[in-house]
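> this one's sequence-less:
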């Protein structure tokens, strides 16, 4: 028989639960100093244990031979520790690479093609990660639809897949980061039960924390927002709440992705100059452009040209459409993302003259229609949804949204995304010598990849000073 955990008693049973920042179980801040705000009230049911990631040593300044040798020794130890962490198969297998790229290829056009004027950023990996948790919580046809959408044969195979992909991509070496973080938030006020085995599996295989909060309160919204803020290093959730729960919110599945990496060759700030960016509506604005020239491979095809900048964790591909071609139109081309390969006959070697605007863009995407287009339909229908692997209550998926933000400057790239799946009570209805001039002075696309997997795909239609 499956073990269950009572919703209403979740916080009571776990003595000593405290919210972030030292909140006691009754929600009062343990620090009573004047001016201090009460910390969000939440109970931690389980916390994921991340492998300890080796810290990359810093190259010493100057030409001291002894210091240089110490650095080389430390670098060798770092790579040995990294090899031990990654295991015998350190990177993504061809099968895992195909699963993630296939999902990116079919979901990205569904999400981004209608964004003709505003900025839009989408993380295929963040949505995929959230849907893996949803598959674990679902059963029957509801689970089958999610598994088909994300490219998994069954729940057991998915668990192995998730664990391997997480370990292959996980990076947190003190200089660069690529971190997938998962969590499930349960309503401590709901009269019913959760399936304990599912929570255990999410913690062990999906690196997901489990928390109990009184949904429909400011404390619950603040606790989820604080978790998002911490996981994304302040890129998301630092100013406004990321979610608004209500009394019938049964659970929230939240998956975040944080990425930070320096360029392998940084832009010289002395070459950054103000220039004009013309947005999709024809409006002009003065913004800072970074400049440099290098010999590299680039792609030139009908309708666009593309080049890439390497980072310490992957690369960032920039796609500049031809005059009169909208960025979102390119995504309608079959296998567009897969064709952005910089080797063989597909590319040209030559001089790439970069003019890249410094930008900090964000977006808020509703993904329910995307899920329906991917074949995930039962879970959004209260009459057909099957979430019995998570709870004994009737429940359905009422909302799916993704927040994302990408910052680019002379040093590198910082990006974050958070996907939130809102599970509600059944009682509520659903709601060469050639020169490639990459002068990104008009709407353009970008793709951030690691291990060949698209992490973020964005359309920049506007750049503000």
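Thanks, I have the structure now. This one's a predicted model, so the numbers in the text were calculated from it and none came from an experiment.
> Quick check: mean pLDDT of the helix or strand in which residue 219 is found?
Using DSSP states H and E, residue 219 maps to helix 218-231. Helix 218-231 carries an average pLDDT of 96.
> Just confirm residue 362 contacts residue 404, I think it does.
Yes: counting by C-beta atoms under 8 Å, residue 362 sits close enough to residue 404 to count as a contact (6.5 Å). Bear in mind the C-beta positions are built from the backbone N, C-alpha and C, glycine included.
> Tell me which of these two has more neighbours.
residue 404 (27 against 17; other C-beta atoms under 10 Å).
> So in terms of bridging, what pairs with the more buried one?
Note on residue 404: beta-bridge partners by DSSP bridges are residue 363, residue 417.
> Can you give me the separation between it and residue 76?
Distance of residue 404 to residue 76, computed by C-beta to C-beta, to the nearest Å: 37 Å.
> Residue 460 too?
Separation of residue 460 from residue 76 (C-beta to C-beta) stands at 41 Å.
> Can you pick out the residue with more neighbours from these two?
Applying other C-beta under 10 Å to residue 460 and residue 76 shows that residue 460 carries more neighbours, namely 24 against 11.
> pull the longest helix from this protein.
The helix of greatest length in the chain, counted in residues with DSSP state H as the criterion, is given as helix 65-86.
> Which elements pack onto whatever helix or strand comes next after it?
Later in the chain than helix 65-86, the nearest helix or strand by DSSP H and E is helix 94-112. Judged by 3 or more C-beta pairs under 8 Å, 6 or more residues apart in numbering; DSSP states H and E, helix 94-112 is in contact with strand 120-122, helix 124-137, helix 140-150, helix 155-169, helix 368-373, strand 453-460.
> What are the contacting residues of the first one?
Yep, that's strand 120-122 we're talking about. Identification of contacts with strand 120-122 by C-beta atoms under 8 Å, 6 or more residues apart in numbering yields 107-108, 111-112, 361-363, 365, 402, 404-406, 415, 417, 456-459, 461.
> hmm, 7 Å instead?
With contacts defined as C-beta atoms under 7 Å, 6 or more residues apart in numbering, strand 120-122 is touched by 108, 111-112, 361-363, 365, 402, 404, 406, 456-459.
> What of the longest one?
Outside of helix 155-169, the residues that reach it under the criterion C-beta under 7 Å, 6+ apart are 86, 90-92, 96, 99, 132, 135-136, 143, 147, 152, 178, 180, 201, 205-207, 450-451.
> Could you check the protein and say which of its helices or strands has the lowest average pLDDT?
When each helix and strand of the chain is scored by mean pLDDT, DSSP states H and E, helix 10-13 comes last, with a mean of 38.
> which parts of the helix or strand that it is followed by are buried?
Scanning forward in sequence from helix 10-13 by DSSP H and E, the next helix or strand is strand 43-46. Burial within strand 43-46, assessed by neighbour count using 16 or more other C-beta atoms under 10 Å, is assigned to 43, 45, 46.
> helices and strands around strand 43-46, which ones?
helix 10-13, helix 196-205, strand 208-213 (3 or more C-beta pairs under 7 Å, 6 or more residues apart in numbering; DSSP states H and E).
> Could you rerun that using 10 Å?
Helices and strands touching strand 43-46, by 3 or more C-beta pairs under 10 Å, 6 or more residues apart in numbering; DSSP states H and E, are helix 10-13, strand 177-187, helix 196-205, strand 208-213.
> Need those in TSV (columns: mean neighbour count and distance to residue 383).
TSV is the format used below for the helices and strands packed on strand 43-46 (neighbours: other C-beta atoms under 10 Å; distance: least, C-beta to C-beta, whole Å):
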stretch	mean neighbour count	distance to residue 383
helix 10-13	18	28
strand 177-187	24	22
helix 196-205	18	23
strand 208-213	26	28
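> Nearest to residue 306, out of those?
Checking the helices and strands packed on strand 43-46 against residue 306 by C-beta to C-beta gives strand 177-187 as the closest, at 22.4 Å.
> quick check: angle from the closest one to helix 218-231?
Angle, strand 177-187 to helix 218-231, by axes from the mean of the first three to the mean of the last three C-alpha atoms, to 10 degrees: 170 degrees.
> what mean pLDDT would you report for strand 177-187?
On average, strand 177-187 scores 96.
> relative to helix 124-137, how tilted is it?
40 degrees.
> what's the single longest strand in the chain?
strand 284-301 (DSSP state E).
> Give me the buried positions along that one.
Neighbour-count burial for strand 284-301 flags 287, 288, 289, 290, 291, 292, 296, 297, 298, 299 (criterion: 16+ other C-beta under 10 Å).
> Report the beta-bridge partners for the first one.
Just to be clear, that refers to residue 287. Under the criterion used (DSSP bridges), residue 287 bridges to residue 275.
> That one against residue 463, yeah?
Yes: applying C-beta atoms under 10 Å, one finds residue 287 in contact with residue 463, separated by 4.9 Å.
> Touching both of these two, which residues are there?
Taking C-beta atoms under 10 Å, 6 or more residues apart in numbering as the contact rule, residue 287 and residue 463 both touch 277, 357, 358, 359, 441.
> show me the contacts for the second one.
When the contact criterion is C-beta under 10 Å, 6+ apart, the partners of residue 357 are 272, 275-277, 285, 287-290, 408, 439-441, 444, 460, 463-465.
> try it again with 8 Å
So residue 357 contacts 275, 277, 287, 288, 289, 290, 408, 440, 441, 460, 463 (C-beta under 8 Å, 6+ apart).
> re earlier: most neighbours, which of the shared contacts of residue 287 and residue 463?
residue 277 (24 neighbours).
> quick one: buried residues of stretch 301-321?
304-309, 311-321.
> you'd agree residue 241 is in a helix?
No: with DSSP: H, G, I helix; E, B strand; the rest coil as the criterion, residue 241 is coil rather than part of a helix.
> contacting residues for it?
Taking C-beta under 8 Å, 6+ apart, one finds 221, 222, 224, 225 in contact with residue 241.
> If you tally nearby residues, what's the number for the last one?
To tie it back to what came earlier, the one meant is residue 225. Neighbour tally, residue 225, other C-beta under 10 Å: 20.
> Make CSV out of the helices and strands packed on strand 43-46 and add distance to residue 50.
Formatted as CSV, these follow (distance: least, C-beta to C-beta, whole Å):
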stretch, distance to residue 50
helix 10-13, 24
strand 177-187, 8
helix 196-205, 12
strand 208-213, 11
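> quick one: the closest residue to residue 173 other than its chain neighbours and residue 421, what's the gap?
Leaving aside its sequence neighbours, residue 173 sits nearest to residue 56 (C-beta to C-beta, 6 or more residues apart in numbering; 4.1 Å). Note on residue 56: its distance to residue 421, by C-beta to C-beta, is 34 Å.
> Give me the more crowded residue out of those two.
Shown here are residue 56 and residue 421; by other C-beta under 10 Å, residue 421 has more neighbours (26 against 17).
> ok so the more buried one is a strand residue?
Yes: counting by three-state DSSP, residue 421 is part of a strand.
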